[in-house]
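Visitor: the following comprises the amino acid sequence and a computationally predicted model.
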Amino acid sequence: MVCLGNICRSPMAAAVLEGKTADWKAPLIEVHSSGTGSWHIGQGPHPSSKKIWEAAGYKHSHTAKQFKANDFFVHDLILVMDSSNYHNVVSLAETDEHREKVFYLRNFDPILKGIDPSSGDYFKLEVPDPYNQSDEAYEETLAMVERAVDGLLQELKNP
Ligand code: 4NP
């Protein structure tokens, strides 16, 4: 899971994916998150993000990291939150195989899966940044992430 600061959206998305797959044996899902920016490396999650995911029943331990080109070698899927994350991540890919690992997380939401990320509708696939916003914004983030993760898990179960 990749966002900008790796303190709000991607750790929340990682908490949801980790929580929903905790009892999966095959495929075994290993979840990591990072940010394209470096400002928060080493920090914990934003308190609002953690508060909202914990209130929904997810537990997740998190220390912020920056996305690195090496991540293309060690992860199967790279799920981004918005178009700037998408372009920043893809710009670090050196092969088609690596580029093809990158998706908008919300492209797995069953209602949004028909949207072509390279079309003018790409913005409908974004998880907006809740940084410095109210708890309600974090709750909306959680709802978007849960719908998309549920869709992703359906695809992983029935490829
Ligand atoms: P995130 O939110 O990308 O969802 O973690 C942000 C957190 C911090 C900053 C930007 C976005 N920042 O500029 O510090």
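Guide: Nice, I can see it.

Visitor: the residue of the chain found nearest the ligand sits in which helix or strand?
Guide: Closest contact between the chain and the ligand, by Cβ to the nearest ligand atom, is at G5 (2.6 Å). For glycine as for every other residue, the C-beta is placed from the backbone atoms N, C-alpha and C. If you go by DSSP states H and E, G5 is not part of any helix or strand.

Visitor: what about it, distance to D129?
Guide: 8 Å (Cβ to Cβ, to the nearest Å).

Visitor: more crowded one of the two?
Guide: More crowded of G5 and D129, by other Cβ atoms under 10 Å: G5, with 22 against 18.

Visitor: which ones are touching the more buried one?
Guide: Residues near G5 by Cβ atoms under 8 Å, 6 or more residues apart in numbering: 35, 37, 39-40, 46, 64, 131.

Visitor: and this protein, which residues reach the ligand?
Guide: 3-9, 35, 39, 129, 131 (Cβ under 6 Å from any ligand atom).

Visitor: check the chain for its longest helix and report it.
Guide: helix 135-157 (DSSP state H).

Visitor: pull out the buried positions in that one.
Guide: Residues of helix 135-157 classed as buried by neighbour count (16 or more other Cβ atoms under 10 Å): 137-138, 140-142, 144-149, 151-153.

Visitor: helices or strands up against that helix?
Guide: Packing partners of helix 135-157 (3 or more Cβ pairs under 8 Å, 6 or more residues apart in numbering; DSSP states H and E): helix 9-20, helix 47-55.

Visitor: next SSE after the shortest one?
Guide: From helix 47-55 onward toward the C-terminus, using DSSP H and E, the following helix or strand is helix 71-74.

Visitor: ok, the first one next?
Guide: Tracing the chain past helix 9-20, the next element assigned as helix or strand by DSSP H and E is strand 34-35.

Visitor: how distant is that following strand from the center of its chain?
Guide: How far strand 34-35 lies from its chain's middle: 9 Å, per Cα atoms, centre = their mean, to the nearest Å.
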